[in-house]
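Visitor: pasting the sequence and the predicted model now:
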Amino acid sequence: MAKLIDRYNTPSHFRWNSEKTYYNLEKTIFTSAFIIRKLIDCKKVSDEVEFYRFDKLLKYKSAKKFDNIHKWIDDKSYEWGKHAKVSLCARYICNSLIHSLIFGFSFQNDKVYSFFIASDKDKDSFLLEIPLNLWVNYMTYVGEDDIEFLEVKCDKNNSLVFKKKRKTLISDI
C-alpha cells in the first residue's frame, strides 16, 4: 500500500486526473488504517506496531462546532496560527482515521505533504496534521513486522494477556 501512495502522489497524477488521485490516496490511507487496526485487534502484529509513536504531529485547536453537514476545513475552522506538537500512538491514529468526520490534504510542491483528521469524538476540540511520509513509514514498518517472541498469561481476572516482541530487522537498526 505504501507503494500505491508513492505511485499516485505525484504532480503528474494530479494534473492528469486530480479527483481520481484524491480518491486513490484517501482510499489507500483509510484502507491501511482499517487493516492495521484489525491486525492489532487480532494480535497478529507485535506490540511495537500497536504502540509505535508518531512524534511531532501538529494539533490545531478547533475554532467552531462541526456536524455531519458542516464538516469542511477552511480558514475559520481552526486556530491555524496556534498549534501544539504532540506524540501519539499508532492505534490512536488508526482509530482517528476509522472514526474520522473531518479529513483533508495539505499540499507542497504539487503533491500531498500531509493529511488532516478529526474523529467524530474530537471534531469540536482539535484537528491533527499527519505528514504523509510518516504514515508511509509506519505502513512499511507494519509490513516488515515479524513476531519473534509470544507470551500468553492470565491476569487476575482470568483474561488472557498477550506480549508479542518484534523480531529485530536490519531496517530497525
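Guide: The structure has been received and is ready for your questions.
Visitor: so which bits of stretch 129-145 are buried?
Guide: Glu129, Ile130, Pro131, Leu132, Trp135, Val136, Tyr138, Met139, Tyr141, Val142, Asp145 (16 or more other C-beta atoms under 10 Å). Where C-beta positions appear, they are placed from N, C-alpha and C, glycine not excepted.
Visitor: give me the element the fifth one is part of.
Guide: Element membership for Trp135, per DSSP states H and E: helix 132-143.
Visitor: distance between that helix and the chain's centre?
Guide: From the chain centre to the centre of helix 132-143 is a distance of 9 Å (C-alpha atoms, centre = their mean, to the nearest Å).
Visitor: which other helices and strands does it contact?
Guide: Here helix 132-143 touches helix 2-8, helix 18-41, strand 53-62, strand 111-119, going by 3 or more C-beta pairs under 8 Å, 6 or more residues apart in numbering; DSSP states H and E.
Visitor: and of those, who's closest to Ser87?
Guide: strand 53-62 (4.7 Å; C-beta to C-beta).
Visitor: immediately after that closest one, which helix or strand?
Guide: strand 78-89.
Visitor: looking at the helices and strands packed on helix 132-143, which is nearest to Ile102?
Guide: strand 111-119 (4.0 Å).
Visitor: note down every partner strand of the closest one and its orientation.
Guide: Next to strand 111-119 in the sheet, as set by DSSP bridges, lie strand 100-108 (antiparallel), strand 126-131 (antiparallel).
Visitor: mind listing residues that contact the longest one?
Guide: Same thing as strand 100-108. 22, 25-26, 66, 68, 71-73, 97, 112-120, 123, 127, 129 (C-beta atoms under 8 Å, 6 or more residues apart in numbering).
Visitor: let's go with 6 Å and repeat that
Guide: Lys71, Ile73, Val112, Tyr113, Ser114, Phe115, Phe116, Ile117, Ala118, Ser119, Asp120, Lys123 (C-beta atoms under 6 Å, 6 or more residues apart in numbering).
Visitor: most neighbours among the residues you listed, which one?
Guide: Highest neighbour count within the contacts of strand 100-108, by other C-beta atoms under 10 Å: Ala118, with 26 neighbours.
Visitor: need the nearest residue in space to it, chain neighbours excluded.
Guide: Ile102 (4.0 Å; C-beta to C-beta, 6 or more residues apart in numbering).
Visitor: and the one you found, what pLDDT?
Guide: Listed pLDDT for Ile102 reads 88.
Visitor: number of residues surrounding Asp110?
Guide: Applying other C-beta under 10 Å, I find that Asp110 has 12 neighbouring residues.
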